[in-house]
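# My questions are about this predicted structure, shown below with the sequence.
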Amino acid sequence: MLLLLQASSFNLNFLAGKSPNLNLNFPALFPSPMEKKQEKKRARSTKGVGCKSTVEDIEDFSSQEVVKIRASLLRWYYENQRVLPWRINQDEEKEEGGEDGREARAYGVWVSEVMLQQTRVLTVIDYYNRWMEKWPTVRHLAEASQEEVNEMWAGLGYYRRARFLLEGAKSIAEGGEFPTTVSSLRKVRGIGDYTAGAIASIAFKEVVPVVDGNVIRVISRLKAISANPKESTTVKSFWKLAGQLVDPSRPGDFNQALMELGATVCTPLSPSCSACPISDQCHAMSISRNCQTVQVTDFPMKVAKTKQRHDFAAVCVIEITDCKDPEFWKAHSENTAFLLVKRPDEGLLAGLWEFPSVVLDGERVDATTRRKAMDQYLKKLFKIDIRKNGSLILREDVGEYVHIFTHIKLRMYVELLVLYLKGGVNSLYDKENENSIAWKHIDRKSIQGTGLTSGVRKVYNMIQSFKQQEPMNPTRATRKKASKH
Ligand code: SF4
């Protein structure tokens, strides 16, 4: 008995390696007869038919595997973690101390995790730093307007995330305290299982797992799981397995280590298995050695992507000038104003500003029909009577631009429309707007610094390059039939 205790103590120190304060909470180091039986069964299944396991075959991690994976992964993480602005190591956290420190950490983890969904780390760093400078605490964020938040978010895409962050901050500020557990965090609008797990484990040390794409990939390979990773039963298995691995004394560090391994070593297409700290526990690796037709990248199973919908839209960039002379406008086009309309509060790009656009029936809609549709829309929206109140200076097709959303491929036919209006853009505000569509104008200088979605920014840049490349000929436009706004 004494010998056994000494052996355990020696192994614990050995496994703790270069991190003297690890204090890892290890389960039994020596496999029980049941665990030995499981190992044999696993070995048989990896050599067996098809060399792969399915969801029915997914077994728990053995205590031995848990011990080794925790120790190796944490040691690797402490030596190799990337320095990122939202990460504070344990010692710094102690110095920061107290409830405020934990709340600050929770807020930082929350913002970074939301930004990192669908966006690369390198892109997020700059956004995160600017965000924290503007709204250093959840209470500062709660005071912000949706407009300001969208502007800060511009270019990150998936604007629903920004809306939920603001709504979540408002509800936390109203409640008075930052929720500290997964169950209380899940009650905040926009915080799902993953984000709740990340905040609770990293900032408040709750012993809970997190499962994102990186974790799914690493666990799929560790356990050689070839079941469909999108199916709910498989997802449940990933959460269960990640829960078995999470280290009770350092849940936040362990979760970050697992995600970090997936992001930097166990990558989707070319994992660096020779540099992997847990390759000895990796079943995909051992199967690929014994079975030539199998590679570690076969895990997780590739799932066919949902077919993209193809949409088409006519987009009109409207410049309003108070200068009647087309030649003068050419020379002073920096004095013009652009019209932007607000998208509906629900659906794609909800509540964001864009150039006036009309959804088309399909790609076979010709230029004349597109213009007619746009004219009708503008007449309804702005009630412009061009013959009474002004004149058309230029109307040109500028080109096409395809913007890819997750499930939608949107082809935009972009045109530039320059109008002279008596009284300039302000005369538009005199018209009674019966439609519920919100719109505004923005001058050329301000549009440069305004947070626009990447699609709108792209359209604006198209217009600017068109103006630079094409010697604009306003007289050509005047020859065209005047638009009936
Ligand atoms: S050995 Fe290779 S496949 Fe297995 S976990 Fe490590 S990096 Fe991933």
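Happy to help now that I have it. Bear in mind that the values here come from a model prediction, so they are computed numbers and not experimental data. Residues are numbered from 1 along each chain as shown.

# for this protein, what are the low-confidence residue spans?
1-57, 88-99, 332-334, 385-386, 430-436, 470-485 (pLDDT under 70).

# Name the residues of it found near the ligand, please.
Within the chain, the positions lying close to the ligand (CB under 6 Å from any ligand atom) are 218, 221-222, 265-266, 271, 273, 276, 278-279, 282, 284-285, 296. Glycine gets a C-beta too; all of them are placed from N, C-alpha and C.

# so can I have JSON lines of the residues you listed showing neighbour count, distance to Asp366 and secondary structure?
Below are those laid out as JSON lines (neighbours: other CB atoms under 10 Å; distance: CB to CB, whole Å; DSSP: H, G, I helix; E, B strand; the rest coil):
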{"residue": "Val218", "neighbour count": "30", "distance to Asp366": "52", "secondary structure": "helix"}
{"residue": "Arg221", "neighbour count": "27", "distance to Asp366": "52", "secondary structure": "helix"}
{"residue": "Leu222", "neighbour count": "23", "distance to Asp366": "56", "secondary structure": "helix"}
{"residue": "Val265", "neighbour count": "19", "distance to Asp366": "53", "secondary structure": "coil"}
{"residue": "Cys266", "neighbour count": "26", "distance to Asp366": "51", "secondary structure": "coil"}
{"residue": "Pro271", "neighbour count": "23", "distance to Asp366": "50", "secondary structure": "coil"}
{"residue": "Cys273", "neighbour count": "15", "distance to Asp366": "55", "secondary structure": "helix"}
{"residue": "Cys276", "neighbour count": "21", "distance to Asp366": "57", "secondary structure": "coil"}
{"residue": "Ile278", "neighbour count": "23", "distance to Asp366": "60", "secondary structure": "coil"}
{"residue": "Ser279", "neighbour count": "20", "distance to Asp366": "60", "secondary structure": "helix"}
{"residue": "Cys282", "neighbour count": "22", "distance to Asp366": "58", "secondary structure": "coil"}
{"residue": "Ala284", "neighbour count": "29", "distance to Asp366": "54", "secondary structure": "helix"}
{"residue": "Met285", "neighbour count": "19", "distance to Asp366": "57", "secondary structure": "helix"}
{"residue": "Val296", "neighbour count": "22", "distance to Asp366": "52", "secondary structure": "helix"}
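
# Show me which pair in those residues is furthest apart.
Val265 and Ala284 (13.4 Å; CB to CB).

# Please name the nearest non-neighbouring residue to the residue of the stretch 301-450 of the chain found nearest the ligand.
Residue nearest to the ligand within the stretch 301-450 of the chain: Met301 (14.4 Å; CB to the nearest ligand atom). Distance criterion CB to CB, 6 or more residues apart in numbering; nearest residue to Met301, sequence neighbours excluded, is Ser226 at 5.0 Å.

# quick revisit: right, and the residue of the stretch 301-450 of the chain closest to the ligand touches Ala227 too?
Yes: between Met301 and Ala227 there is a contact under CB atoms under 8 Å: 6.6 Å.

# out of those two, which sits in the busier spot?
Set side by side, Met301 and Ala227 show more neighbours around Ala227, with 21 against 16, by other CB atoms under 10 Å.

# what's Tyr128 in contact with, if anything?
Neighbouring residues of Tyr128 by CB atoms under 8 Å, 6 or more residues apart in numbering: Pro85, Trp86, Val111, Ser112, Met115.

# Would you check how far apart the closest residue to the ligand within the stretch 101-250 of the chain and Thr406 are?
Proximity of the stretch 101-250 of the chain to the ligand (CB to the nearest ligand atom) peaks at Arg221, 3.9 Å away. In this view, Arg221 and Thr406 are 26 Å apart by CB to CB, to the nearest Å.

# Start from the N-terminal end of the stretch 101-250 of the chain and give the helices.
121-134, 138-142, 146-153, 160-175, 182-185, 193-204, 213-223, 232-245 (DSSP state H, counting those that start in this stretch).

# For Arg343, find the nearest of those helices.
helix 146-153 (10.9 Å).

# and the angle for the closest one with helix 160-175?
The directions of helix 146-153 and helix 160-175 differ by 130 degrees, with axes from the mean of the first three to the mean of the last three CA atoms, to 10 degrees as the criterion.

# Neighbours of Lys324, how many?
Neighbours around Lys324, by other CB under 10 Å: 13.

# Chain neighbours aside, what residue packs nearest to it?
Closest to Lys324 by CB to CB, 6+ apart is Tyr420, at 5.1 Å.

# Summarise which helices and strands the strand or helix carrying the one you found is packed against.
Element membership for Tyr420, per DSSP states H and E: strand 408-421. Contact here means 3 or more CB pairs under 8 Å, 6 or more residues apart in numbering; DSSP states H and E; on that basis strand 408-421 packs against strand 309-321, helix 367-382, strand 390-404, helix 454-469.

# how much space is there between Ser226 and Ile191?
Ser226 sits 31 Å away from Ile191 when distances are taken as CB to CB.

# quick one, the strand holding Tyr420 and helix 367-382 angle?
70 degrees.

# what helices or strands is the following helix or strand past strand 408-421 leaning on?
Following strand 408-421 in sequence order, the next helix or strand is strand 439-443 (DSSP H and E). Applying 3+ CB pairs under 8 Å, 6+ apart, we find strand 439-443 packed against strand 337-342.

# Just the buried positions in the strand it packs on, please.
For strand 337-342, the neighbour count (16 or more other CB atoms under 10 Å) marks Ala337, Phe338, Leu339, Leu340, Val341 as buried.

# Contacts for whichever helix or strand comes after it, please.
Later in the chain than strand 337-342, the nearest helix or strand by DSSP H and E is strand 353-354. When contacts are defined by CB under 8 Å, 6+ apart, strand 353-354 is touched by residues Val315, Leu340, Val341, Lys342, Arg343, Lys440, Leu452, Thr453, Gly455, Val456.

# what two of these are the furthest from one another?
Lys440 and Gly455 (18.1 Å).

# ok, these two, which is more surrounded?
Per other CB under 10 Å, whichever of Lys440 and Gly455 has more neighbours is Gly455, with 22 against 13.

# Tell me if I'm right that Ile393 and Ile318 touch.
No: using CB under 8 Å, Ile393 is not in contact with Ile318; the gap is 11.2 Å.

# Which neighbours do those two have in common?
Val418, Leu419.

# which of the residues in stretch 377-396 are buried?
For stretch 377-396, by 16+ other CB under 10 Å, it's 377-378, 381-384, 386, 389-396.
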